[in-house]
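*Asks:* fold the following.
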Amino acid sequence: MVNRSWQVPWLFRILATLKRARFVVTYHSLRYGSGDFSRLGRRMMRSVLQASSRCVTINEDIKGKLVAMGASPEKVSVVPPYLPPVIKEEDVAAVPPSVWTFIAAHRPVIPANAFAIIRDKGVDLYGIDMCVELCAALKKLYPAVGLVFFLPDVRDYEYFHELERRIAEKGIGGNFLFQTTPCQLYPVIMKSDIFVRPTAVDSYGISVAEAIHFKVPAVASDVCLRPEGAVLYKSRDAADFIRCVKAVWENYPDFKAKLESAGPVNALGDILAIFCALSPPLSPGAGPLPRQHRPYRLYQQPELSAGHVLAVH
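*Replies:* From the prediction side, this is the model:
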């Protein structure tokens, strides 16, 4: 869950009761804890958390908030959320040709992303403004630098046009590309040199883990626990951000070598272990379950032992 809705987990609680199934609640973001919900929502979420078979979250901070809202500490598992993508030709083909042309003409290539422009009390939460400053600073040293920012939902057009004006004023119009057509990010990460995640608030940063998975150095703000291997800078400190990116590029072979020697990043095993622990094993030699006893899952692996598990994400 990444929103303030209590209705969806509550409906799953009812469905689990009707199906006599156990259910799992997963939270990837809970910025304000109980403050994310209304008074009624807090009461409903306490009921949901106490009735759940397991709660899964991505860091100790969110775990503490779930416990404060009523979850039993022993039922809350902390599991990094990253699952590697399945590389598909259609995902690569869906990236606009203008992006590939931009990438071919620049070096280093630095992607960043946001699902939408979001500002809170005047702060650009995804750090698009930080990326503009980074690109301007790096161009002085590396004239061919290219920064491509994935922004599928502009939303705040007034601020977007302000950013475009800053880009023009700094003379980096040919070095900074806004990619506003919805498409997968990972094909571009695979062809990039450094990934950046300059968020002012965050819970983990799956795109950071994705970059590390593809052995691309990642520079990210220090606002939360980041995947192992990420280079962290002080949040909203433009000078420190620029310094870290420069350090990575100037010592690129060393940073690449560290990532090449690192193990894979994949939470699938931990997640499946949680579900398997909640699913009763089949007896040896047992045939398929009758239809009325087959598992009801949002995510099901056919080879897993059968059981009744509902997953709320």
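*Asks:* quick one, domains of the chain?
*Replies:* Domains of the chain are assigned by automatic domain parsing as 7-81+267-312, 89-261.
*Asks:* just the ones you listed: most buried one?
*Replies:* domain 89-261 (a mean of 18; mean count of other C-beta atoms under 10 Å). Quick note: C-beta positions are derived from backbone N, CA and C, even for glycine.
*Asks:* pLDDT averaged over that domain - what is it?
*Replies:* Predicted confidence along domain 89-261 averages 97 (mean pLDDT).
*Asks:* all the helices of this structure, residue numbers only.
*Replies:* Secondary structure of the chain (DSSP state H): helices at 7-19, 39-51, 60-68, 89-94, 97-104, 128-141, 157-169, 186-190, 206-213, 238-250, 252-261, 268-278.
*Asks:* wait, which of those is closest to residue 225?
*Replies:* Distance to residue 225, taken as C-beta to C-beta, is lowest for helix 60-68 among the helices of the chain, at 7.7 Å.
*Asks:* run through who's touching that closest one.
*Replies:* By C-beta atoms under 8 Å, 6 or more residues apart in numbering, the residues outside helix 60-68 that reach it are 27-30, 33-34, 49, 55, 57, 73, 76, 78, 203, 224-225.
*Asks:* of these, which belong to strands?
*Replies:* 27, 55, 57, 76, 78 (DSSP state E).
*Asks:* which residues does the last one contact?
*Replies:* Right, the one you point to is residue 78. Counting by C-beta under 8 Å, 6+ apart, residue 78 touches 56-60, 63.
*Asks:* and of those residues, the nearest to residue 189?
*Replies:* Nearest to residue 189 out of the contacts of residue 78 is residue 58 (C-beta to C-beta; 20.0 Å).
*Asks:* please name the residues that touch the closest one.
*Replies:* The contact partners of residue 58, taken as C-beta under 8 Å, 6+ apart, are 27-28, 78-81, 203-204.
*Asks:* among the ones in strands among the contacts of helix 60-68, which has the minimum pLDDT value?
*Replies:* residue 27 (87).
*Asks:* what's the closest of the helices of the chain to residue 111?
*Replies:* Taking C-beta to C-beta, helix 186-190 is the member of these nearest to residue 111, at 5.2 Å.
*Asks:* just the CA trace of that closest one, in CSV.
*Replies:* This file holds the C-alpha atoms of helix 186-190, laid out as CSV (Å, rounded to 0.1, in the frame of the first residue of the first chain):
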residue,chain,number,x,y,z
TYR,A,186,14.9,-0.1,-16.8
PRO,A,187,15.8,-0.3,-20.6
VAL,A,188,17.4,3.2,-20.2
ILE,A,189,19.1,2.4,-16.9
MET,A,190,20.8,-0.5,-18.7
